[in-house]
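[1] coordinates for the following, if possible.
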Amino acid sequence: MPVAETDYKALCKELFGTTEETKIRELAAKWKKKQTRNAGRKRALSIDDMDIIDTMRTEGATIPAIARHFGVSRPVISQYLNARPSKDYTMRIDFRLGKKTCTVIYVDFEQEKIAIINRSDDMLHRAFGVNESPTWEDFEYFLEERCFPKSRKYAKQIINGLGLSGGYDPLAIAEVTGGRTAEDDMYLTFKSFPKEVPTDAMH
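    Numbering: from 1, shown residues only. Below you'll find the predicted structure:
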């Protein structure tokens, strides 16, 4: 049985709406340009993605490995990991439950202020509950709540056992213990940013 010949003119009419070669080339060029533009578009990271990134980084994954996991470039991951409100914030603390970051806390030690981002709708899992604008005093109280009491018996021996010196320092204690307490399953992870030196101070 003979094979029917393809009517390419009718096929072009059906696919492109025209049989004119010039118009078909124009349509093909537009399609190619659109595909190139979409191919370069960066994938947006969701809140869930950010939790996974935080966990992978905490567990020791490299930036290239994380980038491959999400199918994005290394600068995209680095930009997220190094994000902060300004250069004055030299520490990031994640208040976490399992693999989820519930509150991100940025710390400016020189000006004694913090900035927070809540990622949980559960007030019990937020570092400062309903307080959206915590003060430095709130932050200090929060750290103390994540440590054993200063008045605890044998506190000095406990501090020495943690490899710390210089007395009762809630931040230092929380960095070593992860801020874990018997009251809940929350814990803390810490990331420090290098202090940026003004260019004119280097001359």
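
[2] would you map out the domains in this protein?
    Following automatic domain parsing, one gets these domains for the chain: 10-39, 42-83, 85-202.

[3] rank the ones you listed by mean pLDDT and give me the bottom one.
    Least confident of the domains of the chain, judged by mean pLDDT, is domain 10-39 with a mean of 66.

[4] mean neighbour count for the domains of the chain - can I get that in JSON lines?
    C-beta here means a position set from N, CA and C on the backbone, and glycine is covered the same way. Shown next, in JSON lines, are these (neighbours: other CB atoms under 10 Å):
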{"stretch": "domain 10-39", "mean neighbour count": "11"}
{"stretch": "domain 42-83", "mean neighbour count": "14"}
{"stretch": "domain 85-202", "mean neighbour count": "15"}
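
[5] tell me where the chain has strands.
    Along the chain, counting by DSSP state E, strands occupy 91-97, 100-108, 113-118, 186-192.

[6] for the shortest one, the distance to its chain's centre please.
    Strand 113-118 has its C-alpha centroid displaced from the chain centroid by 14 Å (CA atoms, centre = their mean, to the nearest Å).

[7] and for the last one?
    Using CA atoms, centre = their mean, the distance from the centre of strand 186-192 to the centre of the chain it belongs to is 13 Å.

[8] for it, packing partners?
    Packing partners of strand 186-192 (3 or more CB pairs under 8 Å, 6 or more residues apart in numbering; DSSP states H and E): strand 91-97, helix 170-177.

[9] helices or strands up against the first one?
    So that's strand 91-97. strand 100-108, strand 186-192.

[10] would a markdown table of the strands of the chain with distance to G71 be doable?
    Converted to a markdown table, the strands of the chain look like this (distance: least, CB to CB, whole Å):
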| stretch | distance to G71 |
| --- | --- |
| strand 91-97 | 24 |
| strand 100-108 | 21 |
| strand 113-118 | 25 |
| strand 186-192 | 24 |
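
[11] need the helices and strands packed on strand 186-192 in CSV with distance to A61, can you?
    As requested, the helices and strands packed on strand 186-192 are exported to CSV (distance: least, CB to CB, whole Å):
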stretch, distance to A61
strand 91-97, 15
helix 170-177, 21
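
[12] what's the closest of the ones you listed to Y154?
    Y154 lies closest to helix 170-177 among the helices and strands packed on strand 186-192, at 14.1 Å (CB to CB).
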